[in-house]
Structures are given as structure tokens and as C-alpha cells.
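Chemist: Predicted model and sequence below, questions to follow.
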Amino acid sequence: MKKLLNVLFLLVTCSGLFAQSLNVLRTGRIESDKIKFLNSRAEDCYNRGQYDSVIIYHEYAYDIAIKYGLIEEKCFALKEIGGMNELMGNYPKALEYLFASLSIAEENNLRSLEAAININIGIVYYNLKNAEKAIEHDNKALVISEAENDTVLIVKSLNNLGNANMTLLNEWQIAEDYFNRCVFLAEKIGFSQAAMVGMNNLCQIYMNSGREKEALDVTNRMLEQHPYNPYIYYNLGNLYRQNGDNIKAISYLLQALKLSEYEIELRQVLLKDISDIEYENGNFDNSIEYYKEYSTLKDSVHSNDQAKYALELEAKYKNLKKETEISELKAQSLKSKRYNTIVISSAVIILLISGFVILIIYNKKTVAAQKVKVLENEKIIVSAKAALSGEERERARLSRELHDGLGGILSGVKLSLANTMEKPSGSDITPEELKKSYNLVVSSITELRRVSNALLPETLLNLGLNTAIKSYCDTFRNQGNAFTLSYSFFGQDIRYARFFELAVYRLAQEIINNAVKHSAAELINVQLIVDDDRLFLGVQDNGKGFDMSVAGKKGGLGLSNLKQRAEVYGGRVDVISEPGAGTEVIVEFNNLKDNKTVYDKSSDS
């Protein structure tokens, strides 16, 4: 019997552990899906050139990864933030994030990520004109990529090594070998963009070594595949310039200039070359204008201070472990020599000053508590005013709807009945008159139900936020609107306290209505994410947007009121917008345990 009890106890314990493991895996999958969603939103913003928004989404993903211990996702988020800072020209900050990401990848054997991060670091050093560091990190990336058999990363590493040797060191033969390998592998796997970049660099090498026929062959080959690439026209312009045909040369260079709006370094070279050719042709005014534009662009290159700071960051990164070990050894040595003296002295000192320290701490805590209480009271007052303001607006809206809608219909009923009553006695009431009065009564009942539902929707009372917000979004469909409104939900369908759900629903209503009325958008996207202790509501449109700084100067009462109403329940509201780039409003609540109660519909009656 005792053995049987032991076996049963073991089975119960194992089943509990198994259930706990399944719950951990399920939570990890949910959070991983959220991060994938945030990464996809970041990619959309990147394609629209909204780099600040890209960083915000990756910071959200980083916070989730930190909270749930998702190491690879945390490493990827840091890498992407560093890459965006590199694109924005903030090289020191880019290296700071990239080296933090590299440390995580190395410690956790994330080999492909480690290679990709080294490629990004090599690009930063290339932009800082530091050939030694650029080649060092590109070589690391190449070794890891070959070991992992990752052809895409191999191609990128080869191209970067070729660029560093050609542009920074003038090692043409070494660069040519790298570019030939890059083009061969890129065409083999269908990586057309990398193949084009490699061929363009080969063309530069051929021209500089006097191999004009090879250069022309490669250029024509590229032009067939990529007719809108500025580098190809730049190569053709240089070829004709070397052959003494300045007319064709400047024609191709101007075409390259037209296509190089976002290629800053190429644009700088083109402006200088066009200025030189115009000078050779005797067009001095044109030459001066192009040279002025070239000088302005050149002055925007980042100073040597950034390069110095970047080197200091890497030095700190490389010596971090060594300095930590030295510090630990010194601390241990000092501790062993002074241990006895410190113990005796500490005992005496603690007895003498303990009472004094306790008194100081108590006084500081008292003062701090008083300050916190004052601030909390002020915050409660502000939040209460925002809530009351929202209620007043809702009452005013309800009054207008009752007066204009239901009031008008009931007035019609009154007139219809009055006309009937004024008929001479003995005259019959026609069925049409009765039907007219009946239809007016039915309309008044329908209007009353609509107003009641707008005041407190039945779907919110019975089914919760997800269904209520989806139902509200559905009301905009099939109405001949010029926009498309979509709704998506992620997470768990959790019920919260009645007043909290109503507050979130009102916020969603106001934000969606603002987008419908003021954004002039073609697409409006609403997302709701809910988990155990967090609620995320996002409304994004591709409309006309607005200038945040101008809105702030004008008062911004609507946005301020939204934020204060969210703060009543411990939430926050973030608004991202700029003219011509649409608007995104994010509402987020955390630590919702106090609001996650059993929903009591009887309290509504």
C-alpha cells in the first residue's frame, strides 16, 4: 500500500511539472508572436522611412524579450536598433547597441546573429574610414558565415571586404578577388541586388586599371538587369570621360545624379565630377553651382570626434572582461588582508552610528512619503478633472442626440395625433393616418435603443472589449466610406472591471472617430493585444498627419485629455505623427491585476 501511495505521489508531481512546463512554453509562444508582430510593424515603418518609429517598435520588442527571458529576440532587437542608428548617421550610438548585441550573441552561441552583427559593425567602421577595424569585423563575419554555410551572409561579408580594400586601402587586386567571389555566389542563389553591387565595384576596378572593354561589358550587363541604378550610369559616364567624350560623359553623370537622391556618398562624387567636366567645357557658371552643392554636401560628413569615440567604445568592449577579472582579483586580495580589521572596526562603528543612521533614514522616508502623497493627490485631481470633462462631453453629446433625434421624432408623433384629434366628430380615421403615427412610434423606439446602446453598449456588457471594439469598427463598413477600417486582436479574451472596460472602450471610440473625421486616410488599422497583466490598443492611419510641435503649442487639449483619462487607470498614451506620414496612437495599461475582477453585469441595472 505504501509503495502504491509513493507511485501515485510521483505521478501527481510529474503531471504538475509537465503542466507547468506546457504553460511556460505557451507563454513563450505568445510573447514571441507579439515580438514578430512588432517586428513586422517596424519593417512597415522602415519601408516608409519612419526610422524613429522603427526604433520605438524594436524597443517595445526588447522590453518584452527582457521580461520573459527571450535571449535571441533581445539580441535581435539590439542589433536592429544599432542598425537604424547607423542609417541615421549616429555612429557612436550604433556601435554601443551593436557591441551589446554582439556580447549576447557570443555568450549564447547565436552564430548567424553574431555574423550579421559583425557585418553591421564593419559597415559603421567603413563609414568612419577605419579600414583596419572594418576588415577585422568583416573577416570575423566571413569565417562564421562559412562555418554556418549561410550563403547570404557570405555574400555580404565578401562585398564589404571588397569595398574596404578598394575604397579605403586602394588594394585593387585583393578587392577584385572578393567581388568576383561575391558575384558568383550571389548569382548562384538569386541574390540579384548583391550581384549588381559586386558587378558595379568590378566595373570601378576595370576602369581604374585601364581595362575599358571589360568595364563596358559589365556595365551593359548591369544596365539590362537594373535600368534605374545610379551607379551604372556613373560607370558609363566615367568610361566616356576616359575616352575623351565629355558630352556623353556628362549626360550619363547627370542621369546618375537624378537617380542618387538617397546615395549621399555617390552624390558627392557626382557633383565634383560634373563640376570638373563643366569647367573643362568652359561652362564656368554651371561648374561653380555644382561645386557649391558639392561643398555643402561634403561639410555634412561627420567629424573625427565620432571616429575617436567609436574607437573608445570598442576598446572598452574588448577590455571589459579583462578589467573585470583584474578588479575582482584586487578586491579579493584587499579583502583577505583587511578582513579582521574591518570586522572589528565595523562592529564598533555600527554600534555608535546605528541610531543616528536610523533616525536620518526615518526622517528622509517621512519627507519622501509626504512629497509622494502630495504628487499623488495632484495627479488624482488632474485625472479626476479629465474624467469629469469626458463625462460632460458625453452628456452634451447625449443631450444633442436626444433633442435632434428622438425629440424630433416624438414631435412628429405629437403633430400627427393632434391632426387626428382635430377632425370633426363622426369622421373616420384613415388607415394611412394610423400607419403614419405607428411608424413614427417605431422610429422613436429604434432611436431610443440606438442612443441607449451608444451610452453603454450591450456587446461591452455581455461579451467584453474585444467584441465591443470589433462591433464598433464594423459599423463603419458598408457605408460608402472613402476609407478601409480593419481590426485585429491578439492574446487572451479577458474580462475586466466594468468601469475600466468602459473607459478603454470610450478611449477607443474617441481615437477611431478622430482618425475617421480628421485624418483623410485611405486605411485605418486598429489592433488590440491583451494578456494577463497588460493591455495594448493601437490605431494607425495613413492620412495627412500633423506636426506634433505645432499641436503642442496650440494647447493639444484633445491629446492631453486622452492621456489624463488613461492615467486614471495607470495607463499611458503615445502619439506618433508627422505631416504627410499618417498618425499612430498607442494606449497601454500594465499591472492590471486590480482591474481584472469578476464582471458583474447586475451593477449596470
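Modeler: In hand now; what should we look at?

Chemist: Output the below-cut-off pLDDT ranges for the stretch 501-605 of the chain.
Modeler: 552-557, 597-605 (pLDDT under 70).

Chemist: All the strands of it, in order from the start?
Modeler: Secondary structure of the stretch 501-605 of the chain (DSSP state E, counting those that start in this stretch): strands at 523-531, 534-541, 571-577, 583-590.

Chemist: what comes into contact with the last one?
Modeler: Outside of strand 583-590, the residues within contact range by CB atoms under 8 Å, 6 or more residues apart in numbering are 53, 504, 507-508, 511, 514-515, 519, 533-541, 543, 545-546, 562, 566, 569-577, 595. Quick note: C-beta positions are derived from backbone N, CA and C, even for glycine.

Chemist: I'd like to know which of those are buried.
Modeler: In these, burial by neighbour count holds for 53, 504, 507-508, 511, 514-515, 519, 534-541, 543, 545-546, 562, 566, 569, 571, 573, 575-577, 595, counting by 16 or more other CB atoms under 10 Å.

Chemist: quick one: Leu485 is in a helix?
Modeler: No. Secondary structure of Leu485 (DSSP: H, G, I helix; E, B strand; the rest coil): strand, not part of a helix.

Chemist: In contact with Glu501, which residues?
Modeler: Counting by CB under 8 Å, 6+ apart, Glu501 has contacts Leu460, Gly464, Leu465, Ala468, Arg495, Tyr599.

Chemist: what would the residues you listed look like in a markdown table with neighbour count and distance to Lys364?
Modeler: A markdown table is the format used below for the contacts of Glu501 (neighbours: other CB atoms under 10 Å; distance: CB to CB, whole Å):
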| residue | neighbour count | distance to Lys364 |
| --- | --- | --- |
| Leu460 | 21 | 46 |
| Gly464 | 18 | 45 |
| Leu465 | 24 | 43 |
| Ala468 | 22 | 47 |
| Arg495 | 16 | 42 |
| Tyr599 | 16 | 43 |
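
Chemist: Would you point out the most distant pair within the residues you listed?
Modeler: Within the contacts of Glu501, Ala468 and Tyr599 form the most distant pair, 12.4 Å apart (CB to CB).

Chemist: now the strands of the stretch 501-605 of the chain as TSV including distance to Lys272?
Modeler: Below are the strands of the stretch 501-605 of the chain laid out as TSV (distance: least, CB to CB, whole Å):
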stretch	distance to Lys272
strand 523-531	43
strand 534-541	42
strand 571-577	38
strand 583-590	41
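
Chemist: do you know which of those strands lies nearest Ile264?
Modeler: Taking these one by one with CB to CB, strand 571-577 is closest: 25.9 Å.

Chemist: quick one, the closest one and strand 583-590 angle?
Modeler: 160 degrees (axes from the mean of the first three to the mean of the last three CA atoms, to 10 degrees).

Chemist: just the helices in the stretch 451-600 of the chain please.
Modeler: Taking DSSP state H, counting those that start in this stretch as the test, the helices found in the stretch 451-600 of the chain are 458-463, 465-474, 498-518, 548-553, 557-567.

Chemist: Show me which residues of the first one are buried.
Modeler: Put plainly, it is helix 458-463. Thr459, Leu460, Leu461.

Chemist: How about the last one?
Modeler: Neighbour counts using 16+ other CB under 10 Å place Leu559, Asn561, Leu562, Lys563, Gln564, Arg565, Ala566, Glu567 of helix 557-567 among the buried residues.
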